[in-house]
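Asker: here is a sequence together with a model predicted from it:
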Amino acid sequence: MKVTILGSGDAFGSGGRFNTCLHVEAGGEQMLLDCGGSSLVALNKTGIERNRLSTLLFTHFHGDHFGGLPAFLLEAQFVSRRTQPLTIAGPRGVEQRALQAIENDFPGASGNAWRFPITYVEVTPETPATLAGVAVEAFPMEHDQRAGPCQGYRLQHGGKVFAFSGDSAWTDALIPLSAGADVLLIECYTWDQVLANHLDYGTLREHRADLGTKRIVLTHMGPLMLAHQEELPEARAHDGMVLSL
Ligand SMILES: [Zn+2]
Ligand SMILES: [Zn+2]
């Protein structure tokens, strides 16, 4: 499994980083895990052939993770002229959220006759799925239920495990999410300010021993985290970082 971090930024593009978007390749199949508002720009900076992406999987419905979907679909329709089927997967309600987002961004477009078949798949903690050849398990995260259910995912392929928190404050669900994972990519938005909906570095350090992962990589860093990151023992994500599992 190869994970390329196309966007490692927070909601506001702090540090000039793109919104969250991960490109996941496994066994010849490809998907995006989250596709935030700036992700079309991030994709266009790479050589990724987007018609080969079979699946978009979302952690939750905030714009910095989900906001790139409408433009992705319209680009597929009118520019890339996609004919390959596309799976749009995410938490409960993903189809309705997608149609709302398309209609908000491009009024009238939610009724488009798409050139490619779209299948919506709900992935929940009770309902794992196989997406783009990868086994996907969802874990409930502690973030903002207005934009959710908010989920972290555990991706398994070829005996390797990649875990991603999406956005979350500390929750004990991060423990099974990351248990035995080859890599845990975890949000760490703030430095020492404890928030109800995001993780801060102090809390992460307190719980570091609970996270049974071989390698931890911090992402979604806000301005204060970015200012302190050179001091940290943990790896930090950056746009273009490749995680090979
Ligand atoms: Zn976010
Ligand atoms: Zn969020």
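Answerer: Yep, that arrived. Ligands and ions are numbered 1, 2, ... in the order given.

Asker: please make it C-alpha for all contacts and neighbour counts, starting now.
Answerer: OK.

Asker: what about this protein, any weak spots by pLDDT?
Answerer: Counting by pLDDT under 70, the chain has no low-confidence residues at all.

Asker: where along it do the helices fall?
Answerer: 39-44, 63-66, 69-78, 94-105, 174-178, 201-206, 223-228 (DSSP state H).

Asker: most tightly packed of the ones you listed?
Answerer: Among those, ranked by average contacts under mean count of other CA atoms under 10 Å, first place goes to helix 63-66 (a mean of 25).

Asker: then that helix to PDB, C-alphas only?
Answerer: Extracted in PDB, the C-alpha atoms of helix 63-66 (Å, rounded to 0.1, in the frame of the first residue of the first chain):
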ATOM      1  CA  GLY A  63     -15.300  21.600   3.500                       C
ATOM      2  CA  ASP A  64     -11.600  21.000   4.100                       C
ATOM      3  CA  HIS A  65     -12.200  17.200   3.700                       C
ATOM      4  CA  PHE A  66     -15.300  17.000   1.500                       C
END
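
Asker: quick revisit: for Gly27, find the nearest of the helices of the chain.
Answerer: With distances scored as CA to CA, the stretch of those nearest to Gly27 is helix 39-44 (20.8 Å).

Asker: which elements pack onto the closest one?
Answerer: strand 2-7 (3 or more CA pairs under 8 Å, 6 or more residues apart in numbering; DSSP states H and E).

Asker: partner strands of the strand it packs on, parallel or antiparallel?
Answerer: Strand 2-7 sits in its sheet next to strand 21-26 (antiparallel), strand 241-244 (antiparallel), going by DSSP bridges.

Asker: circling back to that earlier point, in a markdown table, list the helices of the chain along with distance to Val24.
Answerer: Putting those into a markdown table (distance: least, CA to CA, whole Å) gives the following:
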| stretch | distance to Val24 |
| --- | --- |
| helix 39-44 | 13 |
| helix 63-66 | 15 |
| helix 69-78 | 17 |
| helix 94-105 | 20 |
| helix 174-178 | 18 |
| helix 201-206 | 25 |
| helix 223-228 | 25 |
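
Asker: would you mind telling me which of these is nearest Gly16?
Answerer: Among the helices of the chain, helix 223-228 sits nearest to Gly16 (CA to CA), with 10.5 Å.

Asker: chain center to the closest one: distance?
Answerer: Here helix 223-228 is found 21 Å from its chain centre; the criterion is CA atoms, centre = their mean, to the nearest Å.

Asker: now it - C-alpha only, CSV.
Answerer: Taking Å, rounded to 0.1, in the frame of the first residue of the first chain, the C-alpha atoms of helix 223-228 are listed here in CSV:
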residue,chain,number,x,y,z
PRO,A,223,-0.2,27.8,13.0
LEU,A,224,1.1,27.0,16.5
MET,A,225,1.9,23.4,15.7
LEU,A,226,3.7,24.5,12.6
ALA,A,227,5.7,26.9,14.6
HIS,A,228,6.8,24.1,17.1
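
Asker: strands of the protein, start to end?
Answerer: 2-7, 21-26, 29-35, 53-57, 86-90, 118-122, 129-131, 134-140, 151-157, 160-164, 183-187, 216-219, 235-236, 241-244 (DSSP state E).

Asker: nearest to Asp64, out of those?
Answerer: Here strand 29-35 is closest among the strands of the chain (CA to CA), at 7.5 Å.

Asker: from the strands paired with strand 2-7, which stretch is densest packed?
Answerer: Taking mean count of other CA under 10 Å, strand 21-26 is the most buried of the strands paired with strand 2-7, at a mean of 23.

Asker: residue contacts, the closest residue to Thr20 other than its chain neighbours?
Answerer: Closest residue to Thr20 in three dimensions, ignoring its sequence neighbours and counting by CA to CA, 6 or more residues apart in numbering: Gly7, at 4.5 Å. Gly7 makes contact with Arg17, Phe18, Asn19, Thr20, Cys21, Leu22, Ser39, Ala42, His238, Asp239, Gly240, according to CA atoms under 8 Å, 6 or more residues apart in numbering.
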